[in-house]
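Peer 1: below are the sequence and a predicted model; questions follow.
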Amino acid sequence: MAEQALLLVNLGSPASTEVADVRRYLNQFLMDPYVVDLPWPLRRLLVSMILIKRPAQSAHAYASIWWPEGSPLVVLSKQLTDAVRPYWKEGPVELAMRYGEPSIEGALVRLAGQGIRQVTLAPLYPQFAESTTTTAIEEARRVIREKRLDIKLSILQPFFDQPEYIDALVDSARPYLAQGFDHLLLSFHGLPERHLHKTDPTGAHCLKGEDCCQRAEGAVLASCYRAQCIQSAAAFAERAGLRDDQWSVSFQSRLGRAKWIEPYTETRLDELAASGVKKLMVMCPAFVSDCIETLEEIGDRGREQFIEAGGAELQLIPCLNTHERWVQALVALCRRAPLSL
Ligand SMILES: C=CC1=C(C)c2cc3[nH]c(cc4nc(cc5[nH]c(cc1n2)c(C)c5CCC(=O)O)C(CCC(=O)O)=C4C)c(C)c3C=C
Ligand SMILES: [Fe+2]
Ligand SMILES: [Fe+2]
């Protein structure tokens, strides 16, 4: 039987914590029209302004979490790839990053050179967003088109509500929740509100009411990142046996002046401390591998903010990383990936 390769795709990190490398990475990332969705001249202007101060700030943040082997996101994604390999009997398993190295282009060209003609592309994002899922898929399609590769893609679909993903989250969080806690915050990566309006097929759903994302279904749910996050969180809480007053959802990693989806994690950390929460658990289910946004933004800065606001302890629950249940879940989900025409 013809071999079916598996290509795992994550976001990517700078090559090093040098300011020049961080600037190069941020420029590639933020100039992606799926990330900063403005016409080129405006995008170029805005990104150039961001690149005045941000590279030095981000380089400092990266340096505080960098491992001897490299960026945690890249190291953990490589470990995940190695862990998946023995289970994926269908063919080779490779890793690529949307920004930086190893690139999607390099991986697809290498696979084609080995005679592979079928690839399952697995964007490692549980919830759909154009700035993550779509851009990874479109980059793979661009490479296949421009390099004239004879490759057919099957594509892993967003798995925000799939029992395998939810069960893996519950299993990986269980030892932390068993320590006891006053509240669990499920902090997802944020998005500019504009991104949600753009993908809303009805033009009338998103952010139109207090609980519009709680009630989303069908085509609206399929395109609403915020609704998918809320559904992941609710499914997790139900499966973990949490009461409604034990957990809440927030959105982190805001950048720039535009309005991003709410509630903001920063605001919730202050509110929870003010409401008397002493021991706070935080998990970040939009990330399957720990990275700067979990380790530095929540584990360092978030903890400091929560304690300054009157909290006593913030425990960051690690991402799924290479948890055995997650490795098996990912393989099962990838086996169901539909062929993309
Ligand atoms: C307009 C800016 C951004 C959008 C939109 C955005 C969406 C988005 N990002 C992730 C996942 C990750 N983002 C990471 C880092 C990161 N994100 C942005 C900006 C936007 N993200 C920046 C500028 C950075 C770099 C770090 C910094 O300077 O703050 C990472 C971690 C990368 C790492 O090397 O560790 C991940 C993962 C999702 C899931 C998402 C939309 C839902
Ligand atoms: Fe991001
Ligand atoms: Fe919505």
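Peer 2: That came through, no problem. Numbers count the residues shown, from 1 in each chain. Ligands and ions are numbered 1, 2, ... in the order given.

Peer 1: verify the stated contact: Leu26 with Ile52.
Peer 2: No: under the criterion of Cβ atoms under 8 Å, Leu26 makes no contact with Ile52, lying 11.2 Å away. No exception for glycine: its C-beta is placed from N, CA and C like everyone else's.

Peer 1: can you give me the helices for the stretch 201-341 of the chain?
Peer 2: Ranges of helices in the stretch 201-341 of the chain, per DSSP state H, counting those that start in this stretch, are 218-223, 225-240, 265-274, 292-295, 303-308, 324-335.

Peer 1: mean pLDDT for these - can I get that in CSV?
Peer 2: Output for the helices of the stretch 201-341 of the chain, formatted as CSV (pLDDT from 0 to 100):
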stretch, mean pLDDT
helix 218-223, 90
helix 225-240, 97
helix 265-274, 98
helix 292-295, 98
helix 303-308, 98
helix 324-335, 98
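
Peer 1: among the ones you listed, which is nearest Arg174?
Peer 2: helix 225-240 (7.5 Å; Cβ to Cβ).

Peer 1: what lies in contact with the closest one?
Peer 2: 126-129, 158, 160-161, 165-167, 169-170, 173-174, 177, 184, 186, 188, 191, 195-196, 199, 206-207, 212-214, 216, 220-221, 244, 246-247, 249, 251, 261, 285-286 (Cβ atoms under 8 Å, 6 or more residues apart in numbering).

Peer 1: residues from the stretch 1-150 of the chain in reach of ligand 3?
Peer 2: By Cβ under 5 Å from the ion, no part of the stretch 1-150 of the chain sits against ligand 3.

Peer 1: which one is Tyr176 nearest to, not counting chain neighbours?
Peer 2: Leaving out its chain neighbours, the residue that sits closest to Tyr176 by Cβ to Cβ, 6 or more residues apart in numbering is Ile317, at 4.6 Å.

Peer 1: got a pLDDT number for the one you found?
Peer 2: With respect to pLDDT, Ile317 has a value of 98.

Peer 1: next one: it from Glu90, what distance?
Peer 2: 32 Å (Cβ to Cβ, to the nearest Å).

Peer 1: tell me the contacts of the residue of the stretch 151-300 of the chain found nearest ligand 1?
Peer 2: Closest residue of the stretch 151-300 of the chain to ligand 1, Cβ to the nearest ligand atom: Cys291 (3.1 Å). By Cβ under 8 Å, 6+ apart, Cys291 lies in contact with Leu11, Ser13, Ser71, Pro72, Leu73, Leu76, Cys319.

Peer 1: switch to 6 Å and redo it
Peer 2: Contacts for Cys291 (Cβ atoms under 6 Å, 6 or more residues apart in numbering) come out as Pro72, Leu73.

Peer 1: and it, how far from ligand 3?
Peer 2: In this structure, Cys291 and ligand 3 are 25 Å apart, going by Cβ to the ion, to the nearest Å.

Peer 1: distance of the residue nearest to Tyr176 from ligand 1?
Peer 2: Distance of Ile317 to ligand 1, given as Cβ to the nearest ligand atom, to the nearest Å: 16 Å.

Peer 1: cool, and Gln4?
Peer 2: In terms of Cβ to the nearest ligand atom, Gln4 sits 26 Å off from ligand 1.

Peer 1: going forward can the numbers begin at 30, since that is how I track them
Peer 2: Done: numbering now begins at 30, and the last item shifts to Gln33.

Peer 1: for the closest residue to that residue other than its chain neighbours, phi and psi?
Peer 2: Among residues not flanking Gln33 along the chain, Glu119 sits closest, at 4.1 Å (Cβ to Cβ, 6+ apart). Glu119 adopts backbone torsions of phi -70, psi -20, taken as degrees, to the nearest 10.
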